[in-house]
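Trainee: Below are the sequence and a predicted model for it; my questions follow.
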Amino acid sequence: MLRTRRVLTVRYSTSYRYHSLDVDYWVRNLDEHGAPGVQKVLVGNKIDLAHKRKVPAADAQALADKYGMLYFETSAKDDMNVEQCFSKLAKQISDRMKMGKAGSGASGVDVGKSGGQRGGNGPKCCQS
């Protein structure tokens, strides 16, 4: 599936201390199995829970920088930065496609697959 996608979005809750190994896993998997030129994005969600914040924005930005990823902080509950995140991502993909740098393959999203498991215990796609 990774060979036909243009974007990898790694999402985490800012109120839960993510493990950078999970991000390392997804990026390494993409680099190994994905099409060249796939845009990578790190998204910190639940910024509306500022009083429960466990992941400093600077730490997440440093991790995103390490992998050349875009970085956004969002709140789906309060509709903060969600549209901006997708708009920026869509523009970058469009620009890269115009320059011939985007990964080739089908467009669209397949969220029904559970292929995001690592030995049954790792991170899973599209789950909180």
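Mentor: The structure has been received and is ready for your questions. Quick caveat: nothing in here was measured; it's all calculated off a predicted structure.

Trainee: and residue 35, what element?
Mentor: If you go by DSSP states H and E, residue 35 is not part of any helix or strand.

Trainee: Next, give phi and psi for it.
Mentor: The phi and psi torsions at residue 35 (degrees, to the nearest 10) take the values phi -70, psi 150.

Trainee: how many neighbours does it have?
Mentor: 15 (other CB atoms under 10 Å). (Each C-beta comes from the backbone N, C-alpha and C, glycine too.)

Trainee: Just the CA atoms of the worst-scoring helix or strand of the chain on mean pLDDT, as CSV, please.
Mentor: Lowest on mean pLDDT, DSSP states H and E among the helices and strands of the chain sits helix 20-33, with a mean of 80. These are the backbone C-alpha positions of helix 20-33, laid out as CSV (Å, rounded to 0.1, in the frame of the first residue of the first chain):
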residue,chain,number,x,y,z
SER,A,20,9.9,8.9,18.9
LEU,A,21,10.5,5.2,18.1
ASP,A,22,7.0,5.1,16.7
VAL,A,23,7.8,7.9,14.4
ASP,A,24,11.1,6.3,13.6
TYR,A,25,9.2,3.1,12.7
TRP,A,26,6.8,4.8,10.3
VAL,A,27,9.4,6.9,8.6
ARG,A,28,11.8,3.9,8.2
ASN,A,29,8.9,1.8,6.8
LEU,A,30,8.0,4.5,4.4
ASP,A,31,11.6,4.9,3.3
GLU,A,32,11.9,1.1,2.8
HIS,A,33,8.6,0.4,1.1
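
Trainee: quick one: contacts for residue 42?
Mentor: Remark: with contacts taken as CB atoms under 8 Å, 6 or more residues apart in numbering, residue 42 is in contact with 10-12, 23, 60, 63-64, 67, 69-72.

Trainee: for the protein, what spans make up the helices?
Mentor: For the chain, applying DSSP state H gives helices covering 20-33, 57-66, 82-98.

Trainee: counting contacts, what elements does the least confident helix or strand of the chain pack onto?
Mentor: Packing contacts for helix 20-33, counted by 3 or more CB pairs under 8 Å, 6 or more residues apart in numbering; DSSP states H and E, involve strand 7-13, strand 39-45.
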